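> Pasting a predicted model and its sequence here:
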Amino acid sequence: MIHAIAIDHLFCGYTDQPVLQEISFSVDPGSFFVIIGPNGSGKTTLLKAMARLLAADARRFDILGRPAGNYTFRSLAQTMAFVPQETRIDFPLTVEEFVLAGRSPYQGVLGIPDAADTEIARQAMVFTGIEHLSSRKLDQLSGGERQRAFIAKAVCQEPRLIMLDEPTASLDLAHQTRIMDLMERLKNEKGVTIVMVSHDINLAAMYGDTLLLLKEGRVVGKGAPGEILTYQVLEEAYGCVLLVDENPLGKFPRVTPVPDRLKIIH
Ligand SMILES: Nc1ncnc2c1ncn2[C@@H]1O[C@H](COP(=O)(O)OP(=O)(O)OP(=O)(O)O)[C@@H](O)[C@H]1O
């Protein structure tokens, strides 16, 4: 099987600070892969390294079976889309113009979209439920609407992988599940590999095929939600008391942090 991503012994950090140490794992193609871990454990750094937005050293780093370094900027953009955590934007673009920019990796030097590009952008806006906002300026949208515009641009890019950094962080409950459902549909209907950083362990449990748990820049667990989301693993990683039981919605774990006043003292 050709992995969507295969990484062996990856190191990455910032000029004054090494962050990721000896990271090795692979991502199955067409899977929903969620990176979890405490604050500062290196999740965003890893996602950016995987998207080649940060330089990293590795014995091996392949994207869809090709060394990551062999991709040109253009071929990488045709393969992988990145949805950042911060979606504030100062350009006075309309939603449609912004989403259409997702076609730029396929356009000629003049970057002029044709009718097919415009149709793909329209479909991406329909898919993410923002078609009615197409002529609105991006900087006049709510956080949740802007988040969906960024996802529509990523969809418009027609990538094989979508990388998202905490896409549900500032969304209400309805929009959280909506974004997760959209990603699941992309996976199921188009075989897109979804790689997501999330703090929401319960969403990760319900949607993730595989979870990667980071702590202090190292991988401390990788597996199905039922393997990673045990109280032993989570209490060790997060250093707090948690209740883990089965979600009444299905056979996946549910994690509840325990307030001090409800802790049983032995
Ligand atoms: N641009 C930067 N320059 C220097 N250090 C950075 C930079 N960005 C992040 N760091 C540091 O790298 C470490 C990992 O940060 P990162 O953002 O990858 O963690 P994270 O797991 O995504 O955290 P959080 O859950 O809080 O978003 C932290 O110690 C952080 O302070």
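Arrived safely. Residues are numbered from 1 along each chain as shown.
> Which residue ranges of the stretch 51-200 of the chain form strands?
60-63, 66-67, 80-83, 161-165, 193-197 (DSSP state E, counting those that start in this stretch).
> Deepest-packed of those, please.
Mean neighbour count (mean count of other C-beta atoms under 10 Å) peaks for strand 193-197 among the strands of the stretch 51-200 of the chain, with a mean of 25. C-beta: built from backbone N, CA, C; applies to glycine.
> what angle sits between that strand and strand 161-165?
10 degrees (axes from the mean of the first three to the mean of the last three C-alpha atoms, to 10 degrees).
> Describe which strands strand 193-197 pairs with in its sheet and in which direction.
According to DSSP bridges, strand 193-197 forms sheet pairs with strand 32-36 (parallel), strand 161-165 (parallel).
> Save these as a markdown table, and put in mean pLDDT and distance to residue 199 too.
A markdown table is the format used below for those (pLDDT from 0 to 100; distance: least, C-beta to C-beta, whole Å):
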| stretch | mean pLDDT | distance to residue 199 |
| --- | --- | --- |
| strand 32-36 | 98 | 7 |
| strand 161-165 | 97 | 11 |
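> Can you give the contact residues for stretch 5-15?
By C-beta atoms under 8 Å, 6 or more residues apart in numbering, the residues outside stretch 5-15 that reach it are 18-27, 45-46, 49-50, 54-63, 65, 161, 193, 195.
> can we see that at 7 Å?
18-27, 45, 49-50, 54, 56-63 (C-beta atoms under 7 Å, 6 or more residues apart in numbering).
> Any of those residues buried? List them.
19-20, 23, 25-27, 45, 49-50, 54, 56, 58, 61-63 (16 or more other C-beta atoms under 10 Å).
> Which of those fall in helices?
45, 49-50 (DSSP state H).
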